[in-house]
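Q: Give me a 3D structure for the following:
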Amino acid sequence: MALYLSLVLAGEFAAVADSIDTKQNALAMIWGTTLGLTAAHIFAFNLAARLFEGGRFSDETRVSITYQVALAVAVATLLSFPLLIAPVSTALDVSTYLVAATVGVTAFAVARAGDRSHAHSAGFAVAMLGLAVLVVLAKALFSG
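A: The predicted structure is shown next:
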């Protein structure tokens, strides 16, 4: 959820960065997207979880949703922070780099968790960053 949200927001930054002229508009974009995607994700996740859990709502599902909401808020907070200290265009650029760093660190951690070497993990992270860039470019291209 957090990575998906990050990539969607990076795509929005790329698509509309030139038309966002105030910090309030940038924050509205970040938090509006976060709230909308989180609500849609919880709805879909809840329904799918119930399908696989025989119509019930398990404690594991409840905990997972709680973590996903917390991570979505953390992403929005992290990407909002540059707006507190920099002009809008610079802040959106910094937020885009924060998304890239998040993807890279996560991919590296995933590979290391699979007992891969540091070199292999770095290569995997670079490959995932490349795919993330393609996703963000596609989102920006089709959104703008």
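Q: residue boundaries of the helices in the protein?
A: If DSSP state H is used as the criterion, the helices of the chain fall at 2-16, 23-52, 59-85, 88-113, 118-143.
Q: just those helices: most buried one?
A: Across the helices of the chain, the average number of neighbours (mean count of other Cβ atoms under 10 Å) peaks for helix 2-16, which reaches a mean of 21. C-beta coordinates here come from the backbone N, C-alpha and C atoms, glycine included.
Q: distance between it and the chain's centre?
A: In terms of Cα atoms, centre = their mean, to the nearest Å, the gap separating the centre of helix 2-16 from the centre of its chain is 6 Å.
Q: Repeat that for stretch 6-24.
A: With Cα atoms, centre = their mean as the basis, the mean position of stretch 6-24 lies at 13 Å from the chain mean.
Q: How about stretch 17-32?
A: Taking Cα atoms, centre = their mean, the mean C-alpha location of stretch 17-32 is offset from the chain mean by 16 Å.
Q: rewinding a little: mean pLDDT for the helices of the chain - can I get that in a markdown table?
A: Shown next, in a markdown table, are the helices of the chain (pLDDT from 0 to 100):
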| stretch | mean pLDDT |
| --- | --- |
| helix 2-16 | 88 |
| helix 23-52 | 93 |
| helix 59-85 | 93 |
| helix 88-113 | 91 |
| helix 118-143 | 90 |
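Q: Can you read off the pLDDT for the residue of the chain most remote from its centre?
A: The outermost residue of the chain, judged against the average C-alpha position, is Gly54 (30.1 Å), by Cα atoms, centre = their mean. At Gly54, the pLDDT value in this model is 84.
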